[in-house]
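Colleague: got a predicted structure here, sequence first:
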Amino acid sequence: MNKSASLNLNNLKADGRVTLAYSSENPKSREDLCTAVLESVEQGIIVWSADGYCEFVNTRFRELLGQGEDYLQEGMHRGVYFQKMVERGEIKPEVVEGIEADLNTHRPFNLERKLGSGVEVAVYIRPMESGGHVVSYTDITETKKNEMMLSQTIERAERAELKARESLQQERDRQVETQALAELSEWLQCCKSIEELYEVVRQAMAGNFPASRGQLFIYSNSRDVLDGAVTWGGETLLRNIQPHDCWGLRRGRTFRYGDGVVNFPCAHVSSETQSSTQCPAPESYLCLPIIAQGDTVGLLNICMYGSAAESAITDTQVAFAQKCAEQISVAIANVKLRDELHEQSTKDPLTGLYNRRYFFDRFRSAISLAEREDGPLSLISFDADNFKSINDQYGHDTGDYLLCTIGSLIGRYFDDEEICCRMGGEEFSILLPNATIETAKLKADEIVKIIADHEFTYRDARLARVTISAGVAAFPDHADSLQGLCKSADLAMYSAKELGKNCVCIAGK
């Protein structure tokens, strides 16, 4: 340091500048005091003059940077010092250029450096009124380490918090999904008919996949096509599709379009098919085979629409859709089994008409309704004329064929509200709710004519003409009970046979 000058530490400016003051009172002692203070501080200190020469460097600076007296000494120019550092690879030339530019502004500035020893230092440069600079180097290695540890701790805490939130959200999603599946299962199991089941599927899929359109297909009895059963989300119902139209059915598992290296659209959701139904082709969709008791019974198609985020199908949605498909498949199997058991318990196995027990159950209900509402109710009873001789002449196979054909003819003629029954053998009855005796007589005449005009052919052989004799009775005109009405209709039928057969008689006439 200049022997005629000393650092006045009491004259530190508010802007960070330090005044290098001259003292006429014992300058040597003041210089020694200043030097002692600068040597005792924790920071490394360099004082550069206005023209760039080193005026002071303390021991702490040399310790921090690991530089001996030959590296930097008082009186050495800053450019020489920086050049040594560049040559030894301790600092890059562009960094030196930046420091020099900042020094020329004569404003305070800071920077941080990581030394080759691994020590990190904070460098504070403050200008002096004389034009020089005071530079202090502070070891911040431990501070940086603590900051890094704190940052890592905060990051771990944030990750743990995020994971906890994700786990909580997943648990909430699982609860919502479980509740939705339980509700779907409850509704499906309560369905008494396949039509009710389809309506439950429509509402449930629209609610569980709000940004979707879709359709449920069920295999026809012939197994050659799948019939459109129900749609949701505004999708136009496709009447039927071929099994080979769907990659999910071809591959026998869930097909997720838009998620693989190969993305080949199904024919039933391709742009050509969608253009005919006035719906755009979806960006992504699912095809889920409906498998019940090991047998594929249908297909569930879910198409996602909306923005890119809304149309993207997540793994969670795929898993949820598969669970919905499982619930639907179980419900379809149960309804089909229930329908089969119901049909077996209510239908005649030979003709497909209702059996005697079911007929009487419906008969009792119809009589109760007619009594309450004071409405009409009629009954037609008939049997095939000369049936025993036909059996004897052609055999029982031919007789069964005749009964099946008669059952088919009357099944096509009468509507669903009119209950057709095979009472046993060649005897048949038709219950006509809300029909007067006049209406019943007209219908009986028509079915007698239909059967008489029909050509019965069995095994390429034309059979003899088949006729029936029918009797008609009405409630309560001819009887006010089930047994009484059946007896009245039977007596009228016997009267028709006595009149020559192939005709209709009304009870009491």
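Modeller: Yep, that arrived.
Colleague: ok but residue 451 is inside a helix, no?
Modeller: Yes - using DSSP: H, G, I helix; E, B strand; the rest coil, the assignment for residue 451 is a helix.
Colleague: numbering from 404 from now on, please.
Modeller: Okay, using 404 as the starting number, the last item reads as residue 854.
Colleague: how close does it sit to residue 462?
Modeller: Residue 854 sits 128 Å away from residue 462 when distances are taken as Cβ to Cβ, to the nearest Å. (Each C-beta comes from the backbone N, C-alpha and C, glycine too.)
Colleague: for residue 672, same thing?
Modeller: Residue 672 sits 81 Å away from residue 462, going by Cβ to Cβ.
Colleague: compare neighbour counts for the two and give me the winner.
Modeller: Neighbours per residue (other Cβ atoms under 10 Å) separate residue 672 from residue 462, with residue 672 holding more: 25 against 13.
Colleague: wait, the more buried one sits on residue 706?
Modeller: Yes - at 6.2 Å, residue 672 and residue 706 qualify as touching, with contact defined as Cβ atoms under 8 Å.
Colleague: which residue is nearest the centroid of the chain?
Modeller: The centroid of the chain falls nearest to residue 720 when counting by Cα atoms, centre = their mean (3.3 Å).
Colleague: for residue 861, what are its contacts?
Modeller: By Cβ atoms under 8 Å, 6 or more residues apart in numbering, the contact list for residue 861 reads 797, 800, 801, 804, 805.
Colleague: for residue 536, that is, sorry about that
Modeller: For residue 536, the contacting residues are 450, 451, 506, 528, 529, 530, by Cβ under 8 Å, 6+ apart.
Colleague: re earlier: any chance of the contacts of residue 861 in CSV, plus pLDDT and distance to residue 606?
Modeller: Listed next are the contacts of residue 861 as CSV, based on pLDDT from 0 to 100; distance: Cβ to Cβ, whole Å:
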residue, pLDDT, distance to residue 606
797, 82, 55
800, 89, 50
801, 90, 51
804, 92, 46
805, 92, 47
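Colleague: closest to residue 690 out of those residues?
Modeller: Relative to residue 690, the closest of the contacts of residue 861 is residue 804; by Cβ to Cβ it sits at 43.9 Å.
Colleague: okay, now the closest one: neighbour count?
Modeller: 18.
Colleague: equivalent analysis for residue 687, please.
Modeller: Residue 687: 18 surrounding residues under other Cβ under 10 Å.
Colleague: do residue 562 as well
Modeller: For residue 562, using other Cβ under 10 Å, the count is 10.
Colleague: element containing it, please.
Modeller: Using DSSP states H and E, residue 562 maps to helix 544-593.
Colleague: wait, residue 860 touches residue 867, no?
Modeller: No - counting by Cβ under 8 Å, residue 860 stays clear of residue 867, with 11.4 Å between them.
Colleague: now, the contacts of residue 536 that are in strands?
Modeller: Applying DSSP state E to the contacts of residue 536, the entries found in strands are 450, 451, 528, 529, 530.
Colleague: let's have the residues you listed in a markdown table, adding distance to residue 819, neighbour count and pLDDT.
Modeller: Listed next are these as a markdown table, based on distance: Cβ to Cβ, whole Å; neighbours: other Cβ atoms under 10 Å; pLDDT from 0 to 100:
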| residue | distance to residue 819 | neighbour count | pLDDT |
| --- | --- | --- | --- |
| 450 | 110 | 23 | 95 |
| 451 | 108 | 23 | 95 |
| 528 | 99 | 19 | 95 |
| 529 | 102 | 18 | 96 |
| 530 | 104 | 22 | 95 |
